[in-house]
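>>> just coords:
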């Protein structure tokens, strides 16, 4: 990822949730006509694993918050 792209991601991460949603919708709107190559099975598995790990972390965080 280029330095500019990484800086953009860092700025995005710092936004409040509502602003992140607005930015994400606008980026999706602007990129919906891009021609992306099909994902390989390995890429799909890696993406799914990353997503499940993130969801597990969120659930653990939520459980800890509720326990207080």
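Sure, I can see it. This structure is a prediction, so every number in the text was calculated from the model and none was measured.
>>> give me the residue at the spatial middle of this structure.
The C-alpha lying nearest the average C-alpha coordinate of the chain belongs to residue 51 (C-alpha atoms, centre = their mean; 8.7 Å).
>>> which strand or helix spans it?
Element membership for residue 51, per DSSP states H and E: helix 41-67.
>>> would you list the phi and psi of residue 34?
With angles defined as degrees, to the nearest 10, residue 34 sits at phi -60, psi 150.
>>> counting neighbours, what do you get for it?
6 (other C-beta atoms under 10 Å). In this view, the C-beta of every residue, glycine as well, is placed from N, C-alpha and C.
>>> that one and residue 28: what is the separation?
To residue 28, residue 34 is 10 Å away according to C-beta to C-beta, to the nearest Å.
>>> one more: residue 21?
Taken as C-beta to C-beta, the span from residue 21 to residue 28 is 11 Å.
>>> ok, residue 23 - how many residues close by?
Residues near residue 23, counting by other C-beta under 10 Å: 14.
>>> mean confidence score for stretch 10-22?
Averaging pLDDT along stretch 10-22 yields 97.
>>> first vs last residue of it, how far apart are they?
One end of stretch 10-22 sits 16 Å from the other (C-alpha to C-alpha, to the nearest Å).
>>> what does stretch 27-47 give?
So stretch 27-47: terminal residues 20 Å apart, C-alpha to C-alpha.
>>> quick one: it to chain centroid distance?
The chain centre lies 13 Å from the centre of stretch 27-47; the measure is C-alpha atoms, centre = their mean, to the nearest Å.
>>> use 42 as the first number for this chain going forward.
Will do, 42 is the new start, and the previous item becomes stretch 68-88.
>>> in that stretch, what's buried?
Residues of stretch 68-88 include none that count as buried (16 or more other C-beta atoms under 10 Å).
>>> what does stretch 74-85 contact?
Contacts to stretch 74-85, defined as C-beta atoms under 8 Å, 6 or more residues apart in numbering, come from residues residue 88.
>>> quick check: end-to-end length of that stretch?
Using C-alpha to C-alpha, one end of stretch 74-85 lies 21 Å from the other.
>>> name the helix or strand for residue 80, please.
Using DSSP H and E, no helix or strand contains residue 80.
>>> ramachandran coordinates for it?
Main-chain torsions, residue 80, degrees, to the nearest 10: phi -80, psi 150.
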